[in-house]
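Asks: I'll drop the sequence and a predicted model, then ask my questions.
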Amino acid sequence: MDVRILLGCIAALATLIVLALVVHLFGSDLERGLDTALGPLPLADILGVLLAMGAGGWVARRPGFRWLALGLMAAVWLATLAVLGTFAAPGGPAPMRSIVAMLQYNALAIVLTLAAAWLGAVLGERAAHRRLQVARD
């Protein structure tokens, strides 16, 4: 693995953690998502993923980071669902009754955060290349 890609992964995860902490500490309203017919829409989380993967793409400056950005977000979702799965119970609230119910409830958030990860990585990479091009001229 290229060192720049590894540094991009570290930058993306660090930024993701810092942004999650900032939202948690200062924005209780931001933590709640918008309720839609397709499930909750966590705008702060999606924006945080976009910014974090943008930072990672800017550091990595390699197209290979795009796939790792998707992998990082998939790993975060797998960990989240694994933790939530420990609380799954047939008598619990509808989204917590089974892993399938959790996937259905969070499908919109999962798809949008994965899309934000890809888009952020692409935009970060392009911004870094543009900055390097301007510096050379």
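Replies: Noted; the coordinates are in hand. Residues are numbered from 1 along each chain as shown.
Asks: Let me see the ranges of the helices in the protein.
Replies: 3-26, 28-31, 43-60, 64-85, 99-136 (DSSP state H).
Asks: deepest of the ones you listed, which one?
Replies: Neighbour counts (mean count of other C-beta atoms under 10 Å) averaged over each of the helices of the chain peak at helix 43-60, with a mean of 24. For the C-beta atoms, the positions are set from N, CA and C on the backbone; glycine is no exception.
Asks: who's in contact with that one?
Replies: Outside helix 43-60, the residues within contact range by C-beta atoms under 8 Å, 6 or more residues apart in numbering are 2, 4-5, 7-9, 11-13, 15-16, 19-20, 23, 27, 30-31, 33-34, 65-66, 69, 72-73, 109, 112-113, 116-128.
Asks: about what we covered before: any chance of the helices of the chain in JSON lines, plus distance to residue 91?
Replies: Listed next are the helices of the chain as JSON lines, based on distance: least, C-beta to C-beta, whole Å:
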{"stretch": "helix 3-26", "distance to residue 91": "29"}
{"stretch": "helix 28-31", "distance to residue 91": "26"}
{"stretch": "helix 43-60", "distance to residue 91": "28"}
{"stretch": "helix 64-85", "distance to residue 91": "16"}
{"stretch": "helix 99-136", "distance to residue 91": "13"}
